[in-house]
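A.B. asks: predicted coordinates and the sequence they were generated for:
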Amino acid sequence: MKATQVKRGNVLLAEPFMLDSNFKRSAVLLCEHDTQGSLGFIMNKPLNMGINELVADFPEFDAEVYFGGPVATDTIHYIHNIGNLLEDSLKIAPGVYWGGDFDKLKFLINTNLAKPENIRFFVGYSGWSNGQLQEEMRYGSWVVASMDANYLFKTEPQELWQKIMSHESDTLAVIAQMPDGSSLN
């Protein structure tokens, strides 16, 4: 896919041999892509901590937090599938929304209308300045895929990159099966 075809709602899959530890075998949901630049969240890097460990006044909620990317790691963002209940959320793809009214989110959690399986929280984000992502696309750093809400809400994070890669082409499916390691003998 050409860089000009990248758009909000795409998934960026790190090319199989990318060495950057921030993005190695990552699947990034692209939430913004325009003349200002691009922004997304790594969907498959859990931090092994809950949201209650990061936000003091948050309702008791058993939701895991993910590493969204290396930019602004002092911020928390959320992607969810309850956009019809959460004002000010931005639709990213069918069944996938970004952000929304934070106080209303807490209310929905307190009233049990939002459950942990509806929301993914992210520390930081992945960002590219204007033209930077297109340049990385020219060098083959990313494979572009379509987003499916099941990737985020129903797929185990450790299986996500390989699963999406396998859906893109037979060649990528074979490459995705290779073990993750520098020594292959």
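C.D. replies: Received, thanks. Numbers count the residues shown, from 1 in each chain.
A.B. asks: quick one, helices of the protein?
C.D. replies: Ranges of helices within the chain are 102-110, 132-138, 149-153, 157-168, 170-176, based on DSSP state H.
A.B. asks: low pLDDT regions in the chain?
C.D. replies: 1-4, 169-185 (pLDDT under 70).
A.B. asks: one more time with 50
C.D. replies: For the chain, applying pLDDT under 50 flags the ranges 1-4, 182-185.
A.B. asks: which stretches of it form strands?
C.D. replies: 10-14, 27-34, 37-42, 46-50, 64-67, 71-80, 90-93, 96-98, 119-129, 142-146 (DSSP state E).
A.B. asks: rewinding a little: could you dump the helices of the chain to a markdown table with mean neighbour count and distance to residue 66?
C.D. replies: In this view, the C-beta of every residue, glycine as well, is placed from N, C-alpha and C. Listed next are the helices of the chain as a markdown table, based on neighbours: other C-beta atoms under 10 Å; distance: least, C-beta to C-beta, whole Å:
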| stretch | mean neighbour count | distance to residue 66 |
| --- | --- | --- |
| helix 102-110 | 16 | 17 |
| helix 132-138 | 16 | 20 |
| helix 149-153 | 18 | 10 |
| helix 157-168 | 18 | 7 |
| helix 170-176 | 14 | 20 |
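A.B. asks: list the contacts of the residue lying closest to residue 157 once chain neighbours are set aside.
C.D. replies: The spatially closest residue to residue 157, leaving aside those adjacent along the chain, is residue 44, at 4.2 Å (C-beta to C-beta, 6 or more residues apart in numbering). By C-beta atoms under 8 Å, 6 or more residues apart in numbering, the residues touching residue 44 are 25-27, 66, 157-158, 160-161.
A.B. asks: show the backbone phi and psi for residue 44.
C.D. replies: phi -120, psi 30 (degrees, to the nearest 10).
A.B. asks: distance check, it against residue 165.
C.D. replies: Distance from residue 44 to residue 165, counting by C-beta to C-beta, to the nearest Å: 11 Å.
A.B. asks: roughly how far apart are the residue nearest to residue 157 and residue 101?
C.D. replies: For residue 44, the distance to residue 101 - C-beta to C-beta - is 27 Å.
A.B. asks: please apply the same query to residue 40.
C.D. replies: Taking C-beta to C-beta, one finds residue 40 at 22 Å from residue 101.
A.B. asks: looking at these two, which is more packed in?
C.D. replies: When residue 40 is set against residue 101 and neighbours are counted by other C-beta atoms under 10 Å, the residue ahead is residue 40, at 28 against 13.
A.B. asks: tell me who's in contact with that one.
C.D. replies: Contacts of residue 40 by C-beta under 8 Å, 6+ apart are 12, 28-32, 69, 125-127.
A.B. asks: one step back: let's have the strands of the chain in JSON lines, adding distance to residue 109.
C.D. replies: Listed next are the strands of the chain as JSON lines, based on distance: least, C-beta to C-beta, whole Å:
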{"stretch": "strand 10-14", "distance to residue 109": "27"}
{"stretch": "strand 27-34", "distance to residue 109": "22"}
{"stretch": "strand 37-42", "distance to residue 109": "20"}
{"stretch": "strand 46-50", "distance to residue 109": "13"}
{"stretch": "strand 64-67", "distance to residue 109": "15"}
{"stretch": "strand 71-80", "distance to residue 109": "11"}
{"stretch": "strand 90-93", "distance to residue 109": "20"}
{"stretch": "strand 96-98", "distance to residue 109": "15"}
{"stretch": "strand 119-129", "distance to residue 109": "8"}
{"stretch": "strand 142-146", "distance to residue 109": "30"}
